[in-house]
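In: One predicted model, sequence on top.
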Amino acid sequence: MKAPDAFPSAKRDTIDLLIVAGEASGDEHASLLVEELLERKPELSISALGGAEIRAKGASVLFDLVDHSVVGIFEVLKNYGFFKRLFDRTLDWIEQSKPKVVLLVDYPGFNLRLAKALKDRGISVKGGGKVKVLHYVSPQLWAWKPKRRFLMEKVLDGLAVLFPFELDCYKDVDLPVTFVGHPFAQSDYQSPISYDEEGPVALLPGSRVQPIERILPSFLDAFEILLKDFPNLDGLVPVPDAKIEQVVRSLIDSRPGLGKKIVVGDCKRGIRSRAVLMSSGTMSLACSIAGIPGVIAYRAHPLTYWLGRFLVKVPFLGMANLLLPDAPPYREFLQGAANGPTLAAAMSEIIESKDSRLAFEKSAQSLIDSLTQQPDRGPAEWLLQEGELD
């Protein structure tokens, strides 16, 4: 990966908002926010380090950070030089362009360091400057690194959280925290996936190259085993872009005949599925809200997983399971347990059971009920008010 020598100069004299969203989920959340912001105030000037989603909604993307995202401690260390150069370029651009507001979307490893550097350079309000620094989508303090809240108190001007229980994570710090609701729970949200009892099995290995290369082979192993008992079964792997499509097709094409049974499709067109094999990312929450039966599987770099066992203090990886801990809807298989025979056995039970869909529908309703608590303010209203962009 290669970081740019410099970002493009601002197209306008005044930049209202810079958004930094380093992952696909953050890019999606930020894109919905940008869409609403520009509907309310079309004159706003919005730049971003983000991806295709936020660009499509009208932001001027300085660098496609989503396309260069990695996950895991080992992967970050391996690409340290790239992230250091990118970090420096970002700071330089903010210092030169002086946006009114910097909105950091999730991605705490990069974003909280950026907030601290903006304070140390005297650029942010907390550092005596004029740039307001806000954070949208809380780091998962309830899972690991809870002491980050003390750094956030020192370097942020405000925080918007998606889940009502996250307010309690910050009750002992002097940081303005607002519950804005989860976009998936909004009445006008268009889910990327829906249930179809005659549909294919969806294989959802994630949106980044490295996780896909680790988990998709196990998904393909499981699908090949399932075909022995269910020869009429079809598969689908939705992909966000051409780069991911190339990786996915290469893995599928290495298995003779499998390409005739698995379609590689555009994830933006709406996915219809009878059951899912999925990683633990944002898509697992969308699947659970849609009540789609399936299992969660995940494989990380061994070093990342070993460290995670000591640092992460939650019983589940999937967000639906975390939100419904007394009756988690999805079985989870991690590392060595995420293998073809084990996943095929779990999926076979789901496919053969006539009652599995009813159980997942019930969990979906419980999940929706937990997410539809009335927020204090919506995310666009929060940003306009806290960022003084009204």
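Out: Sure thing, it's come through.
In: Tell me how many other residues crowd Glu92.
Out: Not Glu; residue 92 is Asp. When neighbours are defined as other C-beta atoms under 10 Å, Asp92 has 12 of them. All C-beta spots, glycine's among them, are computed from the backbone N, C-alpha and C.
In: Then Phe165?
Out: Burial of Phe165 is recorded as 12 neighbouring residues (other C-beta under 10 Å).
In: Pull up the gap between it and Pro325, please.
Out: 11 Å (C-beta to C-beta, to the nearest Å).
In: for the record, mean pLDDT for stretch 66-76?
Out: Computed over stretch 66-76, the mean pLDDT rounds to 59.
In: what does stretch 203-221 give?
Out: 89.
In: Over to stretch 120-136?
Out: 96.
In: How far does it sit from its chain's centre?
Out: Chain-centre distance of stretch 120-136: 25 Å, with C-alpha atoms, centre = their mean, to the nearest Å.
In: Over to stretch 381-390?
Out: 24 Å.
In: what's the span of that stretch, first residue to last?
Out: Across stretch 381-390, the terminal residues are separated by 9 Å (C-alpha to C-alpha, to the nearest Å).
In: Asp174 contacts Met152, correct?
Out: No: counting by C-beta atoms under 8 Å, Asp174 does not reach Met152; the two are 10.6 Å apart.
In: distance of Leu233 from His29?
Out: Leu233 is 33 Å from His29, by C-beta to C-beta.
In: Pro99 now?
Out: Distance from Pro99 to His29, by C-beta to C-beta: 19 Å.
In: Then Leu114?
Out: As judged by C-beta to C-beta, Leu114 and His29 stand 18 Å apart.
In: Of those two, give the one with the bigger neighbour count.
Out: Ranked by neighbour count (other C-beta under 10 Å), Leu114 and His29 place His29 first, with 24 against 21.
In: what's the pLDDT at that one?
Out: The model's pLDDT for His29 equals 91.
In: mind listing the helices for the stretch 201-350 of the chain?
Out: 209-229, 242-253, 282-289, 302-311, 319-323, 340-352 (DSSP state H, counting those that start in this stretch).
In: Just tell me which of these ends up closest to Glu198.
Out: Among these, the nearest to Glu198 by C-beta to C-beta is helix 340-352 (12.2 Å).
In: other SSEs contacting that closest one?
Out: Using 3 or more C-beta pairs under 8 Å, 6 or more residues apart in numbering; DSSP states H and E, the elements in contact with helix 340-352 are helix 209-229, strand 275-278, strand 294-298, strand 331-334.
In: okay, the ones you listed, which one's buried deepest?
Out: strand 275-278 (a mean of 28; mean count of other C-beta atoms under 10 Å).
In: contacts for that strand?
Out: Residues from elsewhere that reach strand 275-278, judged by C-beta atoms under 8 Å, 6 or more residues apart in numbering: 193, 201-205, 219, 222-223, 284, 287, 292-297, 343, 347, 350-351.
In: What's the mean pLDDT across it?
Out: Mean predicted confidence for strand 275-278 is 94.
In: cool, stretch 345-352 as well?
Out: Stretch 345-352 comes out at a mean pLDDT of 93.
In: Which parts of that stretch count as buried, going by neighbours?
Out: Buried positions in stretch 345-352, judged by neighbour count with 16 or more other C-beta atoms under 10 Å: Ala346, Met347, Ser348, Ile350.
In: List the single closest residue to Pro329 in space, sequence neighbours excluded.
Out: Ser363 (3.7 Å; C-beta to C-beta, 6 or more residues apart in numbering).
In: residues contacting the one you found?
Out: Ser288, Gly291, Ala320, Leu324, Ala327, Pro329.
In: ok, it to Ala297 distance?
Out: 18 Å.
In: all strands for the stretch 101-250 of the chain, in order.
Out: Ranges of strands in the stretch 101-250 of the chain, per DSSP state E, counting those that start in this stretch, are 101-105, 132-136, 158-161, 177-179, 193-195, 201-204, 235-239.
In: As JSON lines, the ones you listed with mean neighbour count and distance to Glu381 would be great.
Out: Formatted as JSON lines, the strands of the stretch 101-250 of the chain follow (neighbours: other C-beta atoms under 10 Å; distance: least, C-beta to C-beta, whole Å):
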{"stretch": "strand 101-105", "mean neighbour count": "26", "distance to Glu381": "14"}
{"stretch": "strand 132-136", "mean neighbour count": "24", "distance to Glu381": "13"}
{"stretch": "strand 158-161", "mean neighbour count": "24", "distance to Glu381": "10"}
{"stretch": "strand 177-179", "mean neighbour count": "20", "distance to Glu381": "9"}
{"stretch": "strand 193-195", "mean neighbour count": "19", "distance to Glu381": "28"}
{"stretch": "strand 201-204", "mean neighbour count": "26", "distance to Glu381": "32"}
{"stretch": "strand 235-239", "mean neighbour count": "22", "distance to Glu381": "32"}
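In: Need those strands in JSON lines (columns: distance to Ile212).
Out: Compiled in JSON lines, those are given as follows (distance: least, C-beta to C-beta, whole Å):
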{"stretch": "strand 101-105", "distance to Ile212": "22"}
{"stretch": "strand 132-136", "distance to Ile212": "26"}
{"stretch": "strand 158-161", "distance to Ile212": "29"}
{"stretch": "strand 177-179", "distance to Ile212": "33"}
{"stretch": "strand 193-195", "distance to Ile212": "18"}
{"stretch": "strand 201-204", "distance to Ile212": "10"}
{"stretch": "strand 235-239", "distance to Ile212": "9"}
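In: burial count for Thr90?
Out: Thr90: 23 neighbours (other C-beta under 10 Å).
In: Keeping just the C-alphas, turn the helix or strand where it lies into PDB.
Out: Element membership of Thr90, judged by DSSP states H and E, is helix 80-97. Listed next in PDB are the C-alpha coordinates belonging to helix 80-97 (Å, rounded to 0.1, in the frame of the first residue of the first chain):
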ATOM      1  CA  TYR A  80       2.800   0.800   9.800                       C
ATOM      2  CA  GLY A  81       4.800   2.900   7.300                       C
ATOM      3  CA  PHE A  82       1.700   3.400   5.100                       C
ATOM      4  CA  PHE A  83      -0.500   4.500   8.100                       C
ATOM      5  CA  LYS A  84       2.200   6.800   9.400                       C
ATOM      6  CA  ARG A  85       2.500   8.600   6.100                       C
ATOM      7  CA  LEU A  86      -1.300   8.800   5.700                       C
ATOM      8  CA  PHE A  87      -1.700  10.100   9.200                       C
ATOM      9  CA  ASP A  88       0.900  12.900   8.500                       C
ATOM     10  CA  ARG A  89      -0.800  13.800   5.200                       C
ATOM     11  CA  THR A  90      -4.200  14.000   7.000                       C
ATOM     12  CA  LEU A  91      -2.800  16.300   9.700                       C
ATOM     13  CA  ASP A  92      -1.200  18.600   7.100                       C
ATOM     14  CA  TRP A  93      -4.400  18.900   5.100                       C
ATOM     15  CA  ILE A  94      -6.500  19.700   8.100                       C
ATOM     16  CA  GLU A  95      -3.900  22.300   9.300                       C
ATOM     17  CA  GLN A  96      -3.900  23.900   5.800                       C
ATOM     18  CA  SER A  97      -7.600  23.700   4.900                       C
END
